[in-house]
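Trainee: what would the 3D arrangement of this be:
(one chain, ligands or ions: 1)
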Amino acid sequence: MPDLSARARAVINPHALRANLGALAGRAGAALLLPVKANAYGHGLEEVARVAAAHPGVWGLAVATPREAAALAALNLGRPVVLLTPPMPHEVGPLADLGVRLPVASVPEADALPPHARAHLKVDTGMNRLGARPEDAAAVGRRLAERGLLEGAYTHLATADEPDLSFAHEQLRRFAAVLAALPPTPTPLLTHAANGGGVLSFGALPGMALARPGLATYGFAPPHLRGLLPLRPVMTLQARVTHLHTAYAGETVSYSGLWRAARDTLVATVGMGYADGYPRNATGHAQVLLGGQWRPVLGRICMDQLMVDVTGLAVRVGDWATLWGPADVTVTDVAAWGGTVEYEVLTGLGDRVERVVGAE
Ligand SMILES: *Cc1c(COP(=O)(O)O)cnc(C)c1O
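Mentor: Numbers count the residues shown, from 1 in each chain. Predicted coordinates:
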């Protein structure tokens, strides 16, 4: 394999990740079932899972797809893997063989599980996305318990990251009513409801064994909940300067000639574009850290590259530009420039971006 380097890297700060895990487990008063779906919100499934699995506040790891579950199980991290969305019928057996905990929302699904499966009863308390309706859920739970397969029960809150928590309270009431109707299990039922918004908004929820904060673990909270916990962004995104040149006064830079040089301008071309997940809609707003300063991106953001005004700075080909970091410009800013949310920017990071765990 020749020595060919990635043009971009996402540097994961293990200290920030551990600090966030500890703060969230503390506030939840519960162990974490950490969402590592979508490549751990873009941070790298294996990189995040290894750090998280070694953290005492983490009970297990949650994913959205059977392939993610299998990839995680193959790492043999000694932590339960929970699949949060329904498998197709032919996937149930292989996933159960891998030890993956499966969501169950109907009596036929409960009956179709092999005897060595472990199930988490999924209750739809108002998200209207997945799960058994509250009036049907207890029967599903009873069947699972009869078969000795009921390990957990969970629901998902639709509005816990919003200032008005009245619907979240209603969902929690509906969930508590289902739990009260379930038979006792040999080991305490692993109940979980709170996402990151729920952990931040509610703190410890009575009767909940686990919590599932995703985005908050990676360092981000909704505006009205910022500052409640000292969450730190875990990822710094960087890309190499691949070329330096002068754009002379009157010339334009990039597609459509959106930006025109008022004076001779030193331009750094950086190996990061919308194919890597940097939002194209950030054109006209984006800034990049080079030579110690946050400098404007010039003109249209391209598929693989963007251009930066580095006039007056000592910048060389091969230098790392920072696209976002833990301070100054964060994913929150880039998402706002792109007209979207942190979730979409982080999960959109492409596989040309190398994931690197920073210094211990
Ligand atoms: C993604 C997800 C979470 C995490 O949500 P955040 O808003 O990132 O905290 C929790 N539970 C389920 C079922 C999810 O799909």
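Trainee: quick one: residues contacting the closest residue to the ligand within the stretch 151-300 of the chain.
Mentor: The stretch 151-300 of the chain approaches the ligand most closely through G214 (2.5 Å), counting by CB to the nearest ligand atom. For every residue, glycine as well, the C-beta is placed using N, CA and C. Contacts for G214 (CB atoms under 8 Å, 6 or more residues apart in numbering) come out as 34-35, 37, 41, 195-196.
Trainee: quick check: residues of the stretch 51-200 of the chain near the ligand?
Mentor: Applying CB under 6 Å from any ligand atom, we find that the stretch 51-200 of the chain lies next to the ligand at 84, 156, 195-197.
Trainee: show me which pair in the residues you listed is furthest apart.
Mentor: Greatest spatial distance among those (CB to CB): L84 and G197, at 16.2 Å.
Trainee: which one of the contacts of G214 is nearest L113?
Mentor: Of these, the one sitting nearest to L113 (CB to CB) turns out to be K37, at 22.1 Å.
Trainee: how many residues are close by that closest one?
Mentor: Taking other CB atoms under 10 Å as the criterion, the count of residues near K37 is 21.
Trainee: separation between it and V356?
Mentor: Using CB to CB, to the nearest Å, K37 is found at 21 Å from V356.
Trainee: repeat that for L45.
Mentor: 14 Å.
Trainee: contacting residues around P134?
Mentor: Counted by CB under 8 Å, 6+ apart, P134 has contacts 123-125, 174-175, 177-178.
Trainee: can you pull the contacts of V100?
Mentor: Counting by CB under 8 Å, 6+ apart, V100 makes contact with 66, 69-70, 73, 81-83.
Trainee: do you know the pLDDT at it?
Mentor: Per-residue confidence for V100 comes out at a pLDDT of 98.
Trainee: that one: what's its closest spatial neighbour, skipping adjacent residues?
Mentor: A69 (4.5 Å; CB to CB, 6 or more residues apart in numbering).
Trainee: can you count the residues close to T340?
Mentor: By other CB under 10 Å, 15 other residues sit near T340.
Trainee: need the contact list for it.
Mentor: So T340 contacts 279, 281 (CB under 8 Å, 6+ apart).
Trainee: hang on, it in a helix?
Mentor: No - judged by DSSP: H, G, I helix; E, B strand; the rest coil, T340 forms no part of a helix; its state is coil.
Trainee: make residue 1 into 41 and carry on from there
Mentor: Understood, numbering begins at 41; the last thing we discussed is T380.
Trainee: show me which strand runs longest in this protein.
Mentor: strand 275-287 (DSSP state E).
Trainee: which neighbours in the sheet does that one have, and how are they oriented?
Mentor: The pairing partners recorded for strand 275-287 under DSSP bridges are strand 48-52 (antiparallel), strand 305-310 (antiparallel), strand 360-364 (antiparallel).
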